[in-house]
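**Q** Here is a sequence together with a model predicted from it:
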Amino acid sequence: MKHDFIIVGGGSAGCILANRLTASPDNKVLVLEAGRPDSWWDIFIHMPAGLSVPIGNKFYDWMYESEPEPFMNGRRIYHARGKVLGGSSSINGMIFQRGNPMDYERWAKDQGMENWDYSHCLPYFRRMENCLAGGDDFRGESGPLKLERGPGNTPLFEAFFESVKEAGYPLTNDVNGFRQEGFALFDRNIYKGRRLGCSRAYYHPVKNRSNLQLECRTEVSRIIFEGKRAIGVEYIQGNGATQTAFASEVICCGGAFNSPQLLQLSGVGNANELQSLGIDIVQDLPGVGENMQDHLEVYIQHACKQPVSMQPALKWYNKPWIGFQWLFGKGPAASNHFEAGGFVRSNEEVAYPNLMFHFLPLAIRYDGSVPREEHGYQVHVGPMYADTRGTVKIKSRNIKDHPSIRFNYLSTPTDRKEWVEAIRVARNILAQPAFADFDGGEISPGAKIESEESILDWVGRDAETALHPSCTCKMGTDSMSVVDPLTMKVHGVEGLRVVDASVMPYIPNGNILAPVAMLSEKAADLILGATPLEASEIKFYQYNKST
């Protein structure tokens, strides 16, 4: 059977497109997802506080690693990617941030990107979300993604909000609304104590549509072309033989690693590099796999003198009761505990916030390891739009071989400067009087890490990715662009589009689930030829250095 659309990848973008493209019964859609289903019984997907279990677990995670990073002491930086329907939205930290409006103004300044400014993106942000704290001109209240705002009502969160004011930073009502700059309670894609990733928000409500077919554990190995037109894909299901499926259009939704990998394996990419691997060239597009961007972060961790952190929730003897509470959408397991944070500028030269903070009432790493058994707390911080750029390049003609991934973290003077500023801003906040009754001393990095040189050395040794790889098949019309901003079609070929984090030209200054969902919503209209939502010309906060 020939389909109208084959969607390669059932992650965030793939689930959204599956929903929107099948709204018309005339469109037959096949979704091919390499991971497994997000079964209802799998509590570590659906329990917000269980997020440390899937990361680093081969049952949930594709477990990518970068090449040795030259400015990170030659470390290979581990990258978790969701190995399950819903992609990384099924295993991530559930922090819902749109990015700053100025991010999209920056997008729109690139050649051909005029219709991706904030006024054109805002209606799609509103369409996708149901902000349970209340809708307004900035926030939607009827979309599939229901968002609970963190309560942040424990003593440590209260101290955190007092401390940022004492350090001279403002509070804001909503970092996704009029003013991002400042500190606030965060939206999370959690509903009634359960993770609401894109699979649960978009795919499952429509999974019984007769024109929607999903195949999991199915790895697409190549896009099939007739001349310059994509007509289908080759795939392997489980350990079976290679099969084919045909469609009028193929849409790559594999993300910043897998979309460029599949394009390159299919003959779309840098011709010289692909020919050296014996791959027949369909279209010479040197931008495929270039321009990669990400967020790197560190944890500034403190011991807590009072027993007010979430540390008791880690004790084995408390877990049965916590699990029982979660069955009713309550208790510590019903939150990701990233309930508050904020955005600040680290210097006066930047036009909008270049640092993001998450506050956590617990001293712990993403993999669940803890530096000590006592109570603690931490902030996560890192530069948000660094000028470093990396690459994704295939190493062989085998889809099962992970591509060569290089980020070049800390490789520019601006990035290194902002990293030093980031650590000092974070320390200043945590040193304010509001924390005096709680502060048991800095656990990490420790008082000896003070000079610029020692800070950068510590970041190189200790920093982790925030898991936001993006921008490797960027939209635009210049010579290094891969995707047409008006259609999402791959330049130079027919019947092939890309919709996922890889098409961003620049990474937004926050977590990327919300931006991916927005661009997927907008892409659905572009693919269907629907009239785009009307631009929303609305004023948003902009810092004015002179006032």
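**A** Received it, and whenever you're ready, just let me know what you need.

**Q** mind listing what residue 374 touches?
**A** Contacts for residue 374 were tallied using CB atoms under 8 Å, 6 or more residues apart in numbering; they are 303-304, 311, 440. Every C-beta, even on glycine, is put in place using the N, C-alpha and C of the backbone.

**Q** redo that, cut-off 6 Å
**A** residue 303 (CB atoms under 6 Å, 6 or more residues apart in numbering).

**Q** Tell me the predicted confidence for it.
**A** Here the pLDDT value assigned to residue 374 is 86.

**Q** now do residue 313
**A** pLDDT for residue 313: 83.

**Q** Surely it and residue 334 touch.
**A** No: here residue 313 lies out of contact with residue 334, judged by CB atoms under 6 Å, at a distance of 11.2 Å.

**Q** Those two: which is more packed in?
**A** Ranked by neighbour count (other CB atoms under 10 Å), residue 313 and residue 334 place residue 334 first, with 20 against 16.

**Q** Quick one: the strands in the stretch 1-150 of the chain, in order.
**A** With strands called from DSSP state E, counting those that start in this stretch, the stretch 1-150 of the chain shows them at 2-8, 29-32, 64-65, 78-79, 129-131, 145-149.

**Q** Sheet partners, orientation included, of the third one?
**A** Its sheet considered, strand 64-65 pairs with strand 78-79 (antiparallel) by DSSP bridges.

**Q** Equivalent analysis for the last one, please.
**A** According to DSSP bridges, strand 145-149 has the following sheet partners: strand 129-131 (parallel), strand 187-188 (antiparallel).

**Q** and the helix or strand that the shortest one is followed by, how far out from the chain's middle?
**A** Of the helices and strands lying after strand 187-188 in sequence (DSSP states H and E), the nearest is strand 190-191. Using CA atoms, centre = their mean, to the nearest Å, the mean C-alpha position of strand 190-191 is found 17 Å from that of the whole chain.

**Q** contacting residues around strand 190-191?
**A** Taking CB under 6 Å, 6+ apart as the rule, strand 190-191 contacts 48, 94, 146, 148.

**Q** For the first one, give its distance to residue 338.
**A** The spacing between residue 48 and residue 338, counted by CB to CB, to the nearest Å, is 9 Å.

**Q** Helix or strand, whichever it is, which one in this structure has the lowest mean pLDDT?
**A** Every helix and strand of the chain was ranked by mean pLDDT, DSSP states H and E. The lowest is helix 319-326, at a mean of 89.

**Q** Counting neighbours, which bits of that one end up buried?
**A** 322-323, 326 (16 or more other CB atoms under 10 Å).

**Q** For residue 456, find the nearest of the strands paired with strand 145-149.
**A** Proximity to residue 456 (CB to CB) singles out strand 187-188 among the strands paired with strand 145-149, at 32.1 Å.

**Q** residues near the closest residue to residue 206 other than its chain neighbours, how many?
**A** Among residues not flanking residue 206 along the chain, residue 19 sits closest, at 5.2 Å (CB to CB, 6 or more residues apart in numbering). By the measure other CB under 10 Å, the count of residues near residue 19 is 24.
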